[in-house]
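1. Predicted model and sequence below, questions to follow.
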Amino acid sequence: MPASIKRIAICTGGGDAPGLNAVIKAVTIAAIKRGWQVYGIRDGYNGLLLPEQYIEGGLIRLTPERVKGITALGGTMLGTTNRGNPLHYPLKGFDGQVVEVDRSDELLRAFRLHEIDALVSVGGDGSMTIANALAQKGLWVVGVPKTIDNDLDQTVVTFGFDTAVSFSTECLDRLHSTAASHRRVLVVEVMGRYAGWIALESGVSGSADVILIPEIPYDLEKVAEAIKEREQQGNNYSIVMVAEGAKPKNGSVSVISREVGRAERLGGVGEQVAAALQTMTGKETRLVVLGHLLRGGSPTSSDRLIALRFGAAAVRALEEGQRGVMVALDPPTVKYVPLEEATRRMKTVPLDSDVLLTARDLNICFGD
């Protein structure tokens, strides 16, 4: 028989994504229906590791009234952080240097102190890796996959992705008219880290002429040739979609910064591509970086529904006694997969992906 649950907690970590609030609502309502108390942890795990920073405490008691009307809201009412990994927590030493410290045992003690029986951890690959480590240390954890990058394995899709792709596609629709008016090349850089899902799917949907993704190292000579060929065919402008993790052949990804306690920040590849293409093609070239615009705003109906399904499924998993698992979309159902399997590898775009093959049939250039 599953152990008795009286009190659970939910945390949202890593980058924000549309749909996080919908998960929080679903977990809250479904758990209270079962007679459980629900608490939200502020800013990832910081609410438990740095409770003194919060006037009202690092835990928020979640009630139906508190989560009313939040399904359509972007962001997360609990806050989040990508600098609070309890396994590699950044702290300043006596010499002023920032060092990484393992605070996971301290975190587990905080869970026990607050008599929290189980945790619903909502996040991407980093958050699921942390959840898996905590589960192996004995914490009762169920994970919920979240990332606009769609790079988590074992689930068909993560919530937040559809909203990001939809917005990126809308931006491309707008950029076609201004690019055509000025006969320009427009380079559009989007998020996605080391996976090209956003660039690929929005690029195809938004009729980009070139799509550069991490999975296919590019040769800018071939991109320039494709743009010149379009010009010869009477197309006086081109749209180049670039994933932030795209890299040239025999080159490396463009990194903005590396800091202790957080993943390296990617970016800058769009600027490099735009500058090179202007020189190589002789055409006026402009850069548009969509960046965090992809993370914000109200979630699409698809992301809302997936988020609500995931949240409710996480509570059912706890009720059934599931531990160390992540809920995952396996149409038409939501299944449970071990966290260890979900974090084993990153889900990147397969080179035989139907969307990628469709793009090639539409004569979209990938720089290879």
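-> Done, it's in.
2. C-alpha only now, for contacts and for neighbours.
-> Will do.
3. got a list of what residue 363 touches?
-> Residues in contact with residue 363 (Cα atoms under 8 Å, 6 or more residues apart in numbering) are residue 209.
4. Now do it against residue 350, distance only.
-> Remark: distance between residue 363 and residue 350 (Cα to Cα, to the nearest Å) = 18 Å.
5. do residue 33 as well
-> For residue 33 relative to residue 350 (Cα to Cα), the value is 41 Å.
6. Kindly report the same for residue 35.
-> Taken as Cα to Cα, the span from residue 35 to residue 350 is 44 Å.
7. what about the helices in the chain?
-> Using DSSP state H, the helices of the chain run over 20-33, 46-49, 104-113, 125-136, 161-182, 197-205, 220-232, 269-281, 301-319, 339-342, 354-361.
8. Kindly reformat those as TSV and extend each row with mean pLDDT and distance to residue 213.
-> Shown next, in TSV, are those (pLDDT from 0 to 100; distance: least, Cα to Cα, whole Å):
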stretch	mean pLDDT	distance to residue 213
helix 20-33	98	27
helix 46-49	95	34
helix 104-113	96	36
helix 125-136	95	19
helix 161-182	96	15
helix 197-205	98	7
helix 220-232	95	13
helix 269-281	95	11
helix 301-319	98	23
helix 339-342	94	23
helix 354-361	97	11
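9. Ok, which of those helices comes nearest residue 292?
-> With Cα to Cα as the measure, helix 161-182 is the member of the helices of the chain nearest residue 292 (9.7 Å).
10. how deep is residue 271 tucked in, by neighbour count?
-> By other Cα atoms under 10 Å, 17 other residues sit near residue 271.
11. who touches stretch 277-289?
-> Stretch 277-289 is contacted from outside by 183-190, 220-221, 224, 227-228, 270-271, 274-275, using Cα under 8 Å, 6+ apart.
12. whoops, I mixed them up, stretch 239-250
-> For stretch 239-250, contacts defined as Cα under 8 Å, 6+ apart pick out 176, 179, 185-196, 198-199, 203, 208-220, 253-254, 266-270.
13. Per-residue pLDDT of residue 282, please?
-> Per-residue pLDDT puts residue 282 at 93.
14. pretty sure residue 16 contacts residue 294?
-> No: look at residue 16 against residue 294 with Cα atoms under 8 Å: they stay out of range, at 10.0 Å.
15. ok so, going back, go through the helices of the chain and name the closest to residue 82.
-> For these, proximity to residue 82 was assessed by Cα to Cα; helix 125-136 is nearest, at 8.9 Å.
16. Give me the distance between that closest one and the centre of its chain.
-> Helix 125-136 has its C-alpha centroid displaced from the chain centroid by 16 Å (Cα atoms, centre = their mean, to the nearest Å).
17. before we move on, the earlier item: would you reformat the helices of the chain as CSV and include distance to residue 65?
-> Shown next, in CSV, are the helices of the chain (distance: least, Cα to Cα, whole Å):
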stretch, distance to residue 65
helix 20-33, 10
helix 46-49, 21
helix 104-113, 25
helix 125-136, 28
helix 161-182, 26
helix 197-205, 35
helix 220-232, 54
helix 269-281, 44
helix 301-319, 17
helix 339-342, 32
helix 354-361, 43
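18. which one of these lies closest to residue 147?
-> Judged by Cα to Cα, the one of those that comes nearest to residue 147 is helix 161-182, at 6.6 Å.
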